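Chemist: predicted model, plus sequence, below.
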Amino acid sequence: MDMIINGTAAPAADETWIEVTNPATGECIDRVPRGSKEEVNAAVEAADAAFGEWSKKTTRDRGLILYRAAELIRRDHKALAALLTREQGKPIRESTDEVRGCANIFEYYASIAGLPAGEMVTLGKAGDCLVTRVPLGVCAAIIPWNMPVLIMGWKVGPAILAGNTLVLKPASTTPLTNLRIAGLMQEAGLPQGVLNVVTGPGETTGAALVQHPRVKKISFTGDCATGHRIREMAQDHLKILTLELGGSDPMIVMADADIPKAVEGALRGRFYNAGQICTAVKRLYLHEKIAEEFLRLLTAKAESLTVGNGLLPGTDMGPLNSAEQLGRISSVVSETIGREEGVIRTGGCPLTGSGYSHGFFYKPTLIADVVPDAALLTNEIFGPVLPVVTVPDLDAAIREANRSKYGLGASVWTKDISTVKRVYDEVNAGIIWVNRHLIVPPEVPFGGTNESGIGRENGSKALDSYTQSKTLYLGW
Ligand code: NAD
């Protein structure tokens, strides 16, 4: 079976297609098939058939293909970035970063080909054991629309380097750049069947993939509720799971922080990708000594952001990815204000008028004096809306930061090492940044605690999650 890259063959009826919309203009830019159960089966069969040969290659040979794919992604980065902006909405500068980020991930995994290492265990007179790491077989990658290219890299890189084959299901609103990159991987020499892409809705195409008995592992990134649903579906066949779910990252700014730097951190941390990032700054806790000045500076910066079509030069923030997203963000803000749970400092409504009429644009929004149990603080807000809370001291900041069901990331902005130590020890999160937020390098493990998920991506240890140990017991 050939590598299946949907979007090439024309199905007969219209209801078998999904339209891809440019969120800046509301125009349909392309369409991809609604993958049926049969297509999912065919993709898994293709992956299964390719596994034997692929798993027997040396990791060096597999790594070389990742290197070549990274070169091709760099060669085509302008076209890939433009396509990503057209389907996802983010400014071209951010799309370029994301496309390069995918190339970086492939290069990183190629550079550590040879891992994961096995071990030799000696048992004295009882013998010796050789423990190796072997690939799992067919894996499934199900990804969201917010960072589709980067997250494709996080999953494809380690999965195929470790010798597995893969079926990838993109999000319905952003399948195009994923398909283009899969094509470049084929051009880089990836054998047929090693990477298969099936497009379609989560509830049908995604669910069929999760439930397929020959899929050994599912690596899912997306919403918390979907993660729980996938976990239930995967139970029947005891599948291995990596679940990268939502986050509600707190950013804590202490009185001794470098304020201009922290203001820039909050601005970028919340409004990059229109706030649609799992590790975005989703709750801002300001020490009372600097709170008012900080908010004044941040409000001015937020109001100076140029919101518009991501393809236009000078755009700082693009639209939200879909009409549904815009509806969700608009509702949560108007409900917050209706319940008097906070006070709008800037923004608080969609952008309308010339240049905005058909797109899904929302104003960069800051909401101050947010009460402790507000939905803005307890739920994940996946858009350009930042709730701000003033705290009297570090104890209160840590206590409030931990009042969340999530535990993905957190940052503290300070010059005091003892403050850093306390936040690192006491705040529940998979990563604690100091005087930074958002950055997730390919070299370090990434993932959350609590409702933010199970398992880690990135770093050399991600290879472990795509392998299992196998032992040769030598009884001399
Ligand atoms: P989503 O859960 O709606 O969709 C994610 C993917 O799952 C899509 O491909 C979708 O088609 C598929 N899907 C949906 N229902 C399914 C089902 N029943 N069975 C199988 N597949 C199904 O999430 P989203 O709205 O696309 O993404 C936003 C969410 O992703 C946010 O919560 C965000 O925080 C999270 N996210 C987390 C990370 C992380 O690494 N922790 C990174 C990025 C995004």
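Modeler: Done, it's in.
Chemist: touching the ligand at all, stretch 393-407?
Modeler: No: Stretch 393-407 does not reach the ligand (Cβ under 6 Å from any ligand atom); its nearest approach is 8.6 Å. No exception for glycine: its C-beta is placed from N, CA and C like everyone else's.
Chemist: state the distance from Met233 to His212.
Modeler: 10 Å (Cβ to Cβ, to the nearest Å).
Chemist: neighbour count: these two, which is higher?
Modeler: With neighbours defined as other Cβ atoms under 10 Å, Met233 and His212 compare such that His212 has more, 23 against 17.
Chemist: so that one touches Glu45, yeah?
Modeler: No: using Cβ atoms under 8 Å, His212 makes no contact with Glu45, being 9.7 Å away.
Chemist: mind listing the strands for the stretch 101-250 of the chain?
Modeler: Counting by DSSP state E, counting those that start in this stretch, one finds strands in the stretch 101-250 of the chain at the ranges 119-122, 128-135, 138-142, 165-169, 195-197, 215-221, 240-244, 249-253.
Chemist: oops, could you answer that again for the stretch 351-476 of the chain instead?
Modeler: Under DSSP E, counting those that start in this stretch, the stretch 351-476 of the chain gives strands at 365-368, 385-391, 409-413, 431-434, 453-454, 467-474.
Chemist: just these: most buried one?
Modeler: Compared across the strands of the stretch 351-476 of the chain, strand 409-413 shows the largest average neighbour count, a mean of 29 (mean count of other Cβ atoms under 10 Å).
Chemist: got the buried residues for stretch 442-452?
Modeler: Buried residues in stretch 442-452, counting neighbours by 16 or more other Cβ atoms under 10 Å, are found at Pro442, Pro445, Phe446, Gly447, Gly448, Asn450, Glu451, Ser452.
Chemist: which strand residues bridge Asn196?
Modeler: Applying DSSP bridges to Asn196 gives these bridge partners: Val167.
Chemist: I misspoke; the intended subject was Ser411.
Modeler: Met251, Trp433.
Chemist: pretty sure it sits against His437.
Modeler: Yes: assessed by Cβ under 8 Å, Ser411 is found in contact with His437 at 4.2 Å.
Chemist: what is in contact with those two at once?
Modeler: Common neighbours of Ser411 and His437 (criterion: Cβ atoms under 8 Å, 6 or more residues apart in numbering): Asp249, Met251, Gly265, Gly269, Val281.
Chemist: among these, which one is most surrounded by other residues?
Modeler: Asp249 (30 neighbours).
Chemist: quick one, what contacts the spatially closest residue to that residue that is not a sequence neighbour?
Modeler: Nearest non-adjacent residue to Asp249, counting by Cβ to Cβ, 6 or more residues apart in numbering: Gly409, 4.5 Å away. If you count contacts by Cβ under 8 Å, 6+ apart, Gly409 has them with Gly247, Asp249, Thr279, Ala429, Gly430, Ile431, Ile432, Trp433, His437, Gly448.
Chemist: quick check: buried residues in the helix or strand encompassing Ala46?
Modeler: Ala46 belongs to helix 37-56 when assigned by DSSP states H and E. By neighbour count on 16+ other Cβ under 10 Å, the buried set for helix 37-56 is 39-40, 42-48, 50-51, 54-55.
Chemist: could you identify the helix or strand that succeeds it?
Modeler: Counting by DSSP H and E, the next helix or strand C-terminal to helix 37-56 is helix 59-75.
Chemist: average pLDDT for that next one?
Modeler: For helix 59-75, mean pLDDT rounds to 97.
Chemist: same question, stretch 432-448
Modeler: The model assigns stretch 432-448 a mean pLDDT of 95.
Chemist: and the pLDDT at the residue located most distally from the centre of the chain?
Modeler: In terms of distance from the mean C-alpha position of the chain, Lys125 ranks first, at 49.8 Å (Cα atoms, centre = their mean). With respect to pLDDT, Lys125 scores 92.
Chemist: kindly report the same for Pro191.
Modeler: pLDDT for Pro191: 98.
Chemist: what's the answer for Arg270, then?
Modeler: pLDDT, Arg270: 98.
Chemist: also Trp476?
Modeler: 82.
Chemist: and the gap between it and the ligand?
Modeler: With the distance defined as Cβ to the nearest ligand atom, to the nearest Å, Trp476 ends up 47 Å from the ligand.
Chemist: that residue against Ala126, yeah?
Modeler: No: Trp476 lies out of contact with Ala126 (Cβ under 8 Å); the separation is 9.1 Å.
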